[in-house]
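Enquirer: Here is my input, please return the structure:
(chains A and B)
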Amino acid sequence: MNSITSTLRALTNILSVSGAEEKMAAYISETMRPLCDDVNVDAMGNVICKKNYKGAKETVMLTAHMDEIGFLVCDIDENGFVLLAPIGGIHADAAAYTRVKFENGRLGVLVPSHGTKAADLDARAFACDIGAKNRAAAEKLVKIGDRCASFVPLATLAGKRVTARALDNKAGVLSLICAADALKDEKDMPYNLVYVFTVQEEVGLRGAAPAAFAVEPDYCINVDVTSANDAYGAKGSVKLGGGACIKFKDRSVICNRRMICHLQECAKKAGLKTQAEILSMGGTDTGAVQSSRAGVVSGAISIPLRYVHSDCETASLYDIEGTIALLVSAVKTNIQ
Amino acid sequence: MKTFDFAKEIEALSFISGISGCEEKTAEFFARRLETLCDEVKTDAMGNVLGIIRAESENAPTILIDSHSDEIGFLVCEHAGGGFVRLARVGGMDPGVLPASEVILYGEETVRAVVAAKPPHLLSAEDRKKKRKLEDLFVDTLLDDETCRRLCPIGTPVGFSDGVVKLAEHKIASRGLDDRVAGLTLLALAEALEKKALKANVALLFSVQEEVGGMGAKVAAFGLAPDTCLAVDVSFATFPGGEGRLLEMGKGAGISYSDTLSRTLTRDVIRVANEKEIPFQLLAEPGETGTNAHDIQVAGRGVASTIISLPLSYMHSPSEVIDTRDLESAVQLMKAYCENAKFFPEEVQIVG
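Expert: A predicted model of the protein is given here:
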C-alpha cells in the first residue's frame, strides 16, 4: 500500500459526481481486488467486495459513499455558455467563480449571471464558461449529460492536516481501503466482511439500500465525514484532530445503541481518542442500510471535516488514522 | 411490420378512466390486449399488469419496460348540498385549469358535470387577482342532493371529460395521455417484437399509482427483479414562454441523463439509437425526474434504469397534446434496444 496521503491524493484526483462514479469504481475495484476474495460492481454501480474468514458466521458490512457533489450539463446557449444543474448540496457562494473540470479533461470557470449579488447566488443558475465562442463550438467540447466538478488538488497543511476537493467522502473511501489492507491476512476473525463503496449518496442515499438488500448483513458500520464545529466562526463540540467521531444520530438515522456501545468499547480498549457526533444537518448511508429488509444493526464512524461541500474541505490525517484503527478494532471484536 | 393505429387507440382509451388507485378499467384494457401478445400476463395485488415475452434461451436476462396506467384526477371529498360536491386532488394539478370545465364522476352511475365558475361580469377586482384554490371550487352535478349523494358517494373518482380532438399534423388532444400513451407504445412494441430476435426476456409493465408516488412500479420491479429498465413517460414539450431545454414535438422520443439513473444504460440506449438511426432528443434531468425510473432504480438489489420520454404539451390538463410520430419512433427505439441490448457490467465498456 502507498502512504495515506498519496492514496488520498489519487482518490481526490478522480472525478465521481453522483451517477457518474465509473472511474472511481474502477480504481477502487483494482485496489480492493488483492485485499478481498471477490469484487463485484452491481447494477447501480456500487462496488461490493467480499472477504470471508474461516469459522465466521455473521457478516459486517462496511460502507462508504464514493460519489461527490458537482454539476450536470443540461443545455448550451447560443453564446457557448454551458448551462448547469447542481448535483447534491452545492453551496452557491463556495462554487461561484471557481474552476471546474469535465470528465473529458476540459476546463471551465463557473459563473453566476453578470451582476448577481452575493446574497442572490443560486446554484441552479450557474453557467460554465469553457472558452467556446458559440453554441456550435461548445457542443464539440462538452455534451449534454456530462458532469463537471471542482478539481483543486490535495495540499498538505501544518499539523497533519490536508485540504482538497471532495474529501467528502474520499476520506471515507480511503479508510475502508486501509482497513481492508490491515485485515487482509487476519486469521482469527469473528465476522465475514463486505466492503461496499456506494453510489448516489449525495442525491438521496440511493446506492446503499439496494446494496444492503443484496448483501443481507447482520451489522453495518458506515464511514462518512461530519462537520467539524471548530471551523472559523462555528460552534459545537466536534473538533478537527479530536479523533474519529462515533455517530449517535443524523437526519437519516438514530444509530443502534448496541453499535454505539461496541464502537465506544473498542475505542477504549485500543486507546483511541474519539468524539461523540450528533449531526443536525444531513443524512448518511447509515440510515438507508439500517432500514434494509428486516433491519440491520447499524452505526457510523465520522471523520471531522471543515468547510464541507467546498473546494477547500480540510481534514486531519490524525482523525483518518483513528477512523481506520477503530474500524479494524470494531470488526475484530465480538459485538455484544 | 403491421402499423399500430395510435389515433384510434388513443380515442378508445380516452373513454376508459384510470384515476390513481382506481385503475382497474385501464388495467383490464391493457391486460386483455396483452393476452395474445405475451407468453404470460399477470395482475398483482396492487393492480399492476405485467406481460412477459420470453426469449428462446433459458437463462436470458430480463428487460423491464414500464408505463403507468394511472392518470391524474380527483375524488369526491364532500357533498356541499344542492347537488354540489367538493373535490380532493389525486396527483399534481393546477386548479386554475378547472373552472367551467366538464368533468365525469365515475360513481354508481357515470355522471357528467361541470365545475362551477363565476361569470367574468360578476368577478370583483379582488376575485380577478386571486389564485384559484381547489377548496374554493364546486362541481355542479345538476342532480338533487339525495340523488347526488346516492350516485356519487364520498370517494367517487372524478376525471376530465372524455373523447379526443384531432389536431393538425399527427397531433391529438385528450385527457389522461400521461401516461397511457406510453402503455399504447408498449402494446405496439409487443406487436412489433419478433421472438426469434430476442436475446432477453421483455417484461411490459402497466403500473398503478405513479401520479401519487410511484408505489406500483416499486413493488412490481421488486417482484420481477429485472436486469435493466426503461421507464416510458411523458415529458414537457416546448411552448411559448417555456424556459430551459424542452422537447420538440415530432422530433422523436427523449433519452435522459440523470444523476439518479444509470448512465451506463442511458449510453447503451443512445448507442442503439445511433446504430439504428432512430431519431431521439437528448435531455439531462437532475434529481428525482418525476418518473418511475427513480423508484425502480433502487428496487430490490437495484435495477439499472433510465427514461424514454414522450414529448407532451399541457401536461395534467384536460387537453394534453401528443404527436403520434413520436410514439412511433419510441416504439422503434424500444424494439431496437430489446433486440440489441448489452448488459451491465460485463458487456458494456466503461468509458470516461
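
Enquirer: near chain A, which residues of the stretch 151-300 of chain B?
Expert: Residues of the stretch 151-300 of chain B found near chain A (Cβ under 8 Å from any Cβ of the partner chain) are B:227-228, B:244-245, B:257-264, B:266, B:282-288, B:297-300. C-beta coordinates here come from the backbone N, C-alpha and C atoms, glycine included.

Enquirer: 6 Å - rerun?
Expert: The interface of the stretch 151-300 of chain B toward chain A, taken as Cβ under 6 Å from any Cβ of the partner chain, is made up of B:245, B:257, B:259, B:260, B:263, B:282, B:284, B:286, B:298, B:300.

Enquirer: Just give the closest residue to the third one, not the sequence neighbours.
Expert: Going back to what we said before, that points to residue B:259. In this structure, residue B:259 finds its nearest non-sequential neighbour in residue A:19, 3.8 Å apart by Cβ to Cβ, 6 or more residues apart in numbering or on different chains.

Enquirer: Surely that neighbour is in contact with residue B:257?
Expert: No - contact status for residue A:19 versus residue B:257: not in contact, 7.8 Å apart, counting by Cβ atoms under 6 Å.

Enquirer: residue boundaries of the helices in the chain?
Expert: Chain wasn't specified; assuming chain A. Secondary structure of chain A, counting by DSSP state H: helices at A:4-12, A:22-32, A:92-95, A:135-141, A:167-183, A:208-215, A:257-270, A:285-290, A:317-332.

Enquirer: hm, I was asking about chain B
Expert: Listed in chain order, the helices found in chain B under DSSP H are B:6-14, B:24-34, B:125-129, B:145-151, B:177-192, B:215-224, B:263-275, B:293-296, B:324-340.

Enquirer: and residue B:101, which of those helices is closest to it?
Expert: Comparison of those against residue B:101 by Cβ to Cβ identifies helix B:6-14 as nearest, at 15.0 Å.

Enquirer: Put the alpha carbons of the closest one into PDB.
Expert: This file holds the C-alpha atoms of helix B:6-14, laid out as PDB (Å, rounded to 0.1, in the frame of the first residue of the first chain):
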ATOM      1  CA  PHE B   6     -52.300   5.200 -32.300                       C
ATOM      2  CA  ALA B   7     -55.100   7.700 -33.100                       C
ATOM      3  CA  LYS B   8     -57.800   5.000 -32.900                       C
ATOM      4  CA  GLU B   9     -56.300   3.500 -29.700                       C
ATOM      5  CA  ILE B  10     -56.000   6.900 -28.000                       C
ATOM      6  CA  GLU B  11     -59.600   7.600 -28.700                       C
ATOM      7  CA  ALA B  12     -60.700   4.200 -27.300                       C
ATOM      8  CA  LEU B  13     -58.600   4.800 -24.200                       C
ATOM      9  CA  SER B  14     -60.000   8.300 -23.600                       C
END
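
Enquirer: Of all residues in the stretch 151-300 of chain A, which one is closest to chain B?
Expert: Nearest to chain B in the stretch 151-300 of chain A, going by Cβ to the nearest Cβ, is residue A:210, at a distance of 3.1 Å.

Enquirer: ok, now which ones touch the closest residue to that residue other than its chain neighbours?
Expert: In space, and not counting its chain neighbours, residue A:210 is closest to residue B:302: 3.1 Å by Cβ to Cβ, 6+ apart. If a contact means Cβ atoms under 6 Å, 6 or more residues apart in numbering or on different chains, then residue B:302 has A:42, A:43, A:44, A:210 as its contacts.

Enquirer: Most neighbours of all the residues you listed, which one?
Expert: If you count neighbours using other Cβ atoms under 10 Å in any protein chain shown, the busiest of these is residue A:44, which has 28 neighbours.

Enquirer: Nearest residue to that one in space, please, no chain neighbours.
Expert: The shortest distance from residue A:44 to any residue other than its chain neighbours is 4.0 Å, reached at residue B:302 (Cβ to Cβ, 6+ apart).

Enquirer: what about that neighbour, distance to residue A:178?
Expert: 27 Å (Cβ to Cβ, to the nearest Å).

Enquirer: low-scoring stretches of the chain, by residue?
Expert: The chain I'm using is chain A. Low-confidence segments of chain A, defined by pLDDT under 70, are located at A:1.

Enquirer: Please refer instead to chain B.
Expert: Looking along chain B with the criterion set at pLDDT under 70, you get B:1-2, B:344-352.

Enquirer: redo that, cut-off 80
Expert: Along chain B, the parts satisfying pLDDT under 80 run over B:1-2, B:118, B:120, B:344-352.

Enquirer: bridging residues for the residue lying closest to residue B:318 once chain neighbours are set aside?
Expert: Leaving out its chain neighbours, the residue that sits closest to residue B:318 by Cβ to Cβ, 6+ apart is residue B:160, at 3.9 Å. As for beta bridges, residue B:160 partners with residue B:103 under DSSP bridges.
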